[in-house]
Each structure stands twice: as structure tokens, then as C-alpha cells.
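Peer 1: Got a sequence here, can you model it:
(2 chains)
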Amino acid sequence: DTEVTQTPKHLVMGMTNKKSLKCEQHMGHRAMYWYKQKAKKPPELMFVYSYEKLSINESVPSRFSPECPNSSLLNLHLHALQPEDSALYLCASRQGSGNTIYFGEGSWLTVV
Amino acid sequence: GIQVEQSPPDLILQEGANSTLRCNFSDSVNNLQWFHQNPWGQLINLFYIPSGTKQNGRLSATTVATERYSLLYISSSQTTDSGVYFCAVDSGGSNYKLTFGKGTLLTVNP
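Peer 2: Residues are numbered from 1 along each chain as shown, chains lettered A, B, ... in the order given. Okay, here's the model as predicted:
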């Protein structure tokens, strides 16, 4: 099983809403990632969790709040987003640095 | 950090043609992967290839780590090969950051 599952697939939210994106993997991977991708651009790293601890935060605005409740789950809490935050949000996982990384299908977020 | 350059940025082919995509990177790497992103946004693993040559059906890849480049070959292209092809690398060790190139947009016309 090389599956990373993301929910929801599509999300439309207002600028005052609070919502969450969820990601799950059961491959025993110790590193989990959130990437943001805008149209016609490569994925842009947001956060990395290693052994359930935040190891990389690429200077992401505080309106994005990651959480790693356990080794299989990764959440991205969204609050007071702006329309320019509309994008494809990708979750990924891998065993460790230097190993194959696996991506979920992504969550398409639209902020209105 | 590591710099990754992909070429060409855009490529248009007729069905049945062959193509070569290139990925140059600025430093030694422990991981290099090729992905295909389909029109629905899904990033599909094609190859994990920090060095050497691999083949999977009509696709093959070669990484020459000492010269810091990788090539992805697509033979007998099909319309379903259309999409964006990304190369991504990391330097391993305690650095978990995976850096993507800007991608090659491939369009295969029937």
C-alpha cells in the first residue's frame, strides 16, 4: 500500500471560516509534508513533520496551522484565509530524507 | 539550497513520437524523483532514480550523479502522456526538504 489519502478533495470557504484539510498514511512513514501548488507552478513546500515534530516551516503565514496528532495523520487548519490562498494543497509522506516520497491526490481549495 | 532546472519548459508532440526531458541540479543528491502531474492535479511517481538507469514500459530514466543531471525518455508517446513532468531532488541526511524543478509541460496531440 503506497497510498496517501487526503480529504476533502474540494473545499470552498469564506474568508471568515475555519476549516481543516486532513491527510492520512499507513505506510509507517516518519516524515509528512504539506505543499501548496498554484496553477502552472511547481509544488511549494509549506511544512515538514519528522517523527511527529515540526521540522520545517517555510515562513508560512499563521493563518495556516499544521498539526500532527500521530504518526499516521497530518492536518492543516485554515483560518481567515485570503482569496490568493486558493490553490491545490498536497500532502506527502516518506520514510526519511533520501527515500521515495508519495503524494496524495490533493485538496483543491477555493477562498471566496 | 539545491537549484533544479528542467528543460524544455514546453514540448508539443504528435502521438507516436519520442521525447527526452532533462533535469539539471546544482549539488550532489541522495534522492531524485520524476513525477507526472495529470490534469486533475495528481502527482504520480514515475521513477526514484538518484543514479543509474531504470525502465518502466515506454518510459525510462537515467541519472548521471557525477555530472548532476537526469534524463526522462518517453517513447511512442500517447495522448495520455500529456501533463506536467517534474523532477524533484533532495540532498539527504537531516535535510527533509524536497526541491522541485519548474516542470516540463508536455502536450501530445492525436
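Peer 1: which stretches of the chain have low pLDDT?
Peer 2: Going with chain A. Applying pLDDT under 70 to chain A flags the ranges A:1-2.
Peer 1: oops, chain B please
Peer 2: Residue ranges of chain B with pLDDT under 70: B:92-95.
Peer 1: Output the set of residues of it in proximity to chain A.
Peer 2: Within chain B, the positions adjacent to chain A are B:30-31, B:33, B:35, B:40-43, B:45, B:48, B:50, B:86, B:88, B:90, B:92-98, B:100-103 by CB under 8 Å from any CB of the partner chain. (Each C-beta comes from the backbone N, C-alpha and C, glycine too.)
Peer 1: Show me the residues you listed that map onto helices.
Peer 2: Under the assignment DSSP state H, the residues of chain B next to chain A contribute nothing to helices.
Peer 1: For ChimeraX, write a command that selects the buried ones of those residues.
Peer 2: Selecting only the buried entries of the residues of chain B next to chain A in ChimeraX, with 16 or more other CB atoms under 10 Å in any protein chain shown as the criterion:
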select /B:30,31,33,35,41,42,43,48,50,86,88,90,92,95,96,97,98,100,101,102,103
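Peer 1: Do I have it right that A:His29 meets A:Ala92?
Peer 2: No: using CB atoms under 8 Å, A:His29 is not in contact with A:Ala92, being 9.1 Å away.
Peer 1: Could you check which of the two is surrounded by more residues?
Peer 2: A:Ala92 (24 against 21; other CB atoms under 10 Å in any protein chain shown).
Peer 1: pretty sure that one is in contact with A:Val4, am I right?
Peer 2: Yes: contact status for A:Ala92 versus A:Val4: in contact at 6.4 Å, counting by CB under 8 Å.
Peer 1: Near chain B, which residues of chain A are found?
Peer 2: So chain A meets chain B at A:2, A:31, A:33, A:37, A:41-43, A:45, A:48, A:50, A:55-56, A:88, A:90, A:92, A:96-103, A:105-106, A:108 (CB under 8 Å from any CB).
Peer 1: Which ones among those residues lie within strands?
Peer 2: With DSSP state E as the criterion, strands contain A:31, A:33, A:37, A:45, A:48, A:50, A:55-56, A:88, A:90, A:92, A:102-103, A:108 from among the residues of chain A next to chain B.
Peer 1: Distance check, the most centrally placed residue in chain A against B:Ile12.
Peer 2: Closest to where the C-alpha atoms of chain A average out (CA atoms, centre = their mean) is A:Trp34, at 3.1 Å. With distances taken as CB to CB, to the nearest Å, A:Trp34 is found 33 Å from B:Ile12.
Peer 1: likewise B:Tyr73?
Peer 2: 17 Å.
Peer 1: Kindly report the same for A:Thr100.
Peer 2: 30 Å.
Peer 1: was I right about A:Ala83 contacting A:Met15?
Peer 2: Actually, residue A:83 is Pro. It isn't Ala. Yes: the pair A:Pro83 / A:Met15 is scored as a contact, 7.5 Å apart, by CB under 8 Å.
Peer 1: These two: who's more crowded?
Peer 2: Set A:Pro83 next to A:Met15 and count neighbours by other CB under 10 Å: A:Met15 wins out with 13 against 9.
Peer 1: Done for today, thanks.
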